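[1] let me see the structure of the following:
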Amino acid sequence: MSREEPEGPEAEAAAGGSLFPAELGGDGSSARGEEQDRPCPEPALGPRSSLYFASLDAAVEGLQQRVQDILRRLNGGREEAHTELSGVRDSLLLKVSELTEQLEERLFHGYGFHNGLIQERLQALGEVLERVEGVQAELRRICCSVEAVYQDLCLQPED
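    Next up is the predicted model:
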């Protein structure tokens, strides 16, 4: 490939052909396949081509505008979703806090109730232990008396 002989669409344009179909490009003076004396680096645009490109530019601008509108709506939707999620999160935090407070109150009430029961049972246990100590002391006295009687019986001479 040399610089003087381009390939592809440039070669076709240099050979006298147009880069565009006959109905869109050229001024109609030269038909496809005819060779011109001088190669033209850029094809001459006719009024139909200018209208075509203007229409194409308008279509591209319209598409770009539609894309921008879609992006704006998407971003707006995202912002709304973020706001809603923040609201949901805040309401959930508030509800969890309320439920936690209720649970704490119930636990403290249960603790208080059970502490009262434990206190009553400990007091009853204390009374039982006092009675056991009294019975134990009485059993010791009885044991000492039985031991003394036994020793008296064993030490007496037999007559």
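
[2] low-confidence ranges in this structure?
    Within the chain, the stretches with pLDDT under 70 are 1-47, 157-159.

[3] again, 50 this time
    1-6, 8-36, 40 (pLDDT under 50).

[4] longest helix in it, please.
    helix 47-155 (DSSP state H).

[5] what is that helix packed up against?
    Judged by 3 or more C-beta pairs under 8 Å, 6 or more residues apart in numbering; DSSP states H and E, helix 47-155 has no packing partners among the helices and strands. All C-beta spots, glycine's among them, are computed from the backbone N, C-alpha and C.

[6] change the start of the numbering to 14 and stick with it
    With 14 as the first residue, the last one maps to helix 60-168.

[7] tally of neighbours for residue 65?
    If you count neighbours by other C-beta atoms under 10 Å, residue 65 ends up with 16.

[8] and it, how far is that from residue 78?
    Residue 65 sits 20 Å away from residue 78, going by C-beta to C-beta, to the nearest Å.

[9] again with residue 71
    The gap separating residue 71 from residue 78 is 10 Å, by C-beta to C-beta.

[10] can you check residue 141 too?
    Per C-beta to C-beta, residue 141 is found 92 Å from residue 78.

[11] how about residue 166?
    126 Å.
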